[in-house]
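Enquirer: Got a predicted model here, sequence first, then my questions.
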Amino acid sequence: MTGKRTVVVAWVVALAASALAAVPAGADTRAGGGYSAADLRKDLAAVRAAGGGDINVVARVDRRGEGPLRARYGTAGVGSKASVPWEPEFRVASTTKTFTAVVVLQLVAEHKLSLDDTVDHWLPGVVSGHGNDGRLITVRDLLQQTSGIYNYVEDPDVQDRMINHFDENRFDDTPPEQLVAIAMSHPPLFTPGGGRWAYSNTNYLLAAMIAEKASGGQDWRELVEHRVIAPLGLRHTYIPGADPYLVGRHERVTITGPDGKPVDLTDQSLQHTADSGVVSTPGDLNTFFRALASGTLLPAAQLAEMRTTVPYDDLPVPPAGTQGGYGLGLRVVPLTCGGTYDMHEGDGLGVYTRPAVSADGRRAVTVSITTTTALIDQDKVNRAVETLTDHALCDRASS
């Protein structure tokens with residue numbers, strides 16, 4: 001179980017009661033190429049089955065020169081008879097890290113900072129104490145998750161607030177500096193430079209703080225809005241910050257509580273920082289990842305840096321049979337048809353985001369999953385999503 005999932009899983013385990021919900025399904029009938037709308041429906045049904053059948057799922061495939069493929073199963077939430085919206089807004093959780101990494105790499109391309117700069121160069125004394133040393137950690141280490149810095153999400157007090165006192169803390173907007181300070185109260189997992197990798201949300205809080213300084217004082221929200229969201233015309237992508245409410249059509253995200261009643265996770269401010277704070281839709285995420293892969297957002301040198309990887313061990317081995325690698329805010333995963341795709345998952349409070357794009361940017365797919373009653377088996381769901389992604393990006397009919 002990896003750090004980014006610990007709190008979510010523990011909290012859901014504390015509340016979840018297994019149940020199956022019978023819900024309507026829907027999909028459009030457009031098809032094209034080897035992978036059709038019927039294939040997407042079949043693969044998405046397998047994703048839903050892997051999640052226990054009590055989740056709501058929606059998927060969209062975009063192909064250059066062709067119309068999109070879409071499929072959905074479920075409702076807009078517990079108690080709703082409406083189908084899952086085709087383009088629901090949802091909190092993308094850790095997929096936010098790719099947005100943050102793009103901004104940092106744009107600043108690198110503009111020579112406003114370097115990947116080899118140390119954390120202490122930009123944030124003197126911030127990473128210190130209990131064996132932490134910002135003089136040994138570079139910006140590259142932050143983006144690549146090779147810093148060894150403790151994941152603030154795993155702090156026992158943070159977990160207690162999330163697991164046992166969610167309702168009292170759903171509007172918590174603790175500043176990132178304080179979250180970093182929580183991480184600094186723990187020793188590092190390892191010293192960087194030894195080839196070790198460990199996922200830590202703290203890395204991306206620090207990366208955003210450095211970007212803010214290097215940009216002359218713009219906060220990370222403004223940087224993402226001005227450098228990514230506006231240029232790409234992502235009209236349903238935004239960063240609400242402390243605002244707990246989603247503004248467009250979305251699903252209600254719930255988990256069954258110990259009293260048998262649903263606990264609504266939809267409205268909350270907990271995901272407000274540079275590791276998790278973006279809201280988007282399947283269509284907008286496909287546009288973002290296609291723009292990234294095709295070189296629209298970054299010069300070739302920085303995109304190559306982004307795709308230079310180290311091994312990770314927190315996701316299942318994909319259908320190609322070889323594990324992928326973690327770059328700079330991006331995972332690079334092999335395809336069964338040859339080549340690779342780029343992705344970064346997001347695991348939030350009852351919301352799971354799975355966007356991916358072929359290396360040439362020609363095809364992209366996003367799967368969004370939301371809970372209604374019970375914990376999903378993330379390993380099973382990830383395997384089903386990897387199969388769907390491989391089929392969609394290889395343009396191969398599902399078997």
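Expert: Yep, that arrived.

Enquirer: Okay, now the unreliable bits of this structure?
Expert: Low-confidence segments of the chain (pLDDT under 70): 1-33.

Enquirer: rerun at 50
Expert: 1-3, 5-32 (pLDDT under 50).

Enquirer: on contacts alone, who are the packing partners of the lengthiest helix in it?
Expert: Among the elements of the chain assigned as helix by DSSP state H, the one spanning the most residues is helix 378-394. The contact analysis (3 or more Cβ pairs under 8 Å, 6 or more residues apart in numbering; DSSP states H and E) places helix 378-394 against helix 37-50, strand 340-343, strand 351-358, strand 363-371. Heads up, the C-betas are built off the backbone N, CA and C, glycines and all.

Enquirer: Identify whichever of the ones you listed lies nearest to residue 183.
Expert: strand 351-358 (23.7 Å; Cβ to Cβ).

Enquirer: can you redo the helices and strands packed on helix 378-394 as CSV with distance to residue 332?
Expert: Shown next, in CSV, are the helices and strands packed on helix 378-394 (distance: least, Cβ to Cβ, whole Å):
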stretch, distance to residue 332
helix 37-50, 22
strand 340-343, 5
strand 351-358, 11
strand 363-371, 15
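
Enquirer: what angle separates the longest helix of the chain from helix 37-50?
Expert: If you take axes from the mean of the first three to the mean of the last three Cα atoms, to 10 degrees, helix 378-394 sits at 170 degrees to helix 37-50.

Enquirer: Hey, what's the angle from helix 378-394 to strand 363-371? Just curious.
Expert: Using the same axes, to 10 degrees: helix 378-394 against strand 363-371 is 160 degrees.

Enquirer: And helix 378-394, what's buried?
Expert: In terms of neighbour count (16 or more other Cβ atoms under 10 Å), helix 378-394 has its buried residues at 378, 380-394.

Enquirer: neighbours around residue 260, how many?
Expert: 8 (other Cβ atoms under 10 Å).

Enquirer: and if you look at residue 345?
Expert: Residue 345, neighbours per other Cβ under 10 Å, totals 22.

Enquirer: Bridged to the residue nearest to it when sequence neighbours are not counted, which residues?
Expert: Excluding the flanking residues, the one nearest residue 345 by Cβ to Cβ, 6 or more residues apart in numbering is residue 354, at 5.6 Å. Taking DSSP bridges as the rule, residue 354 bridges to residue 367.

Enquirer: Which of the buried residues of helix 378-394 lies at the shortest distance from residue 341?
Expert: Of the buried residues of helix 378-394, the one sitting nearest to residue 341 (Cβ to Cβ) turns out to be residue 393, at 5.2 Å.

Enquirer: ok, that closest one to residue 237 distance?
Expert: 22 Å (Cβ to Cβ, to the nearest Å).

Enquirer: can you check residue 331 too?
Expert: Distance from residue 331 to residue 237, by Cβ to Cβ: 20 Å.

Enquirer: Comparing these two, which residue is more hemmed in?
Expert: Neighbour totals were compared for residue 331 and residue 237, and residue 237 leads with 24 against 21 (other Cβ under 10 Å).

Enquirer: Now do the residue lying closest to residue 220 once chain neighbours are set aside: how many residues are near it, please.
Expert: For residue 220, the nearest residue in space outside its immediate sequence neighbours is residue 208; the separation is 3.9 Å by Cβ to Cβ, 6+ apart. By other Cβ under 10 Å, 28 other residues sit near residue 208.

Enquirer: quick one, what contacts residue 124?
Expert: By Cβ atoms under 8 Å, 6 or more residues apart in numbering, the residues touching residue 124 are residue 134.

Enquirer: so it is in which element?
Expert: Residue 124 is part of no helix or strand, with elements assigned from DSSP states H and E.

Enquirer: Could you measure from it over to residue 209?
Expert: 12 Å.

Enquirer: and what of residue 319?
Expert: 38 Å.
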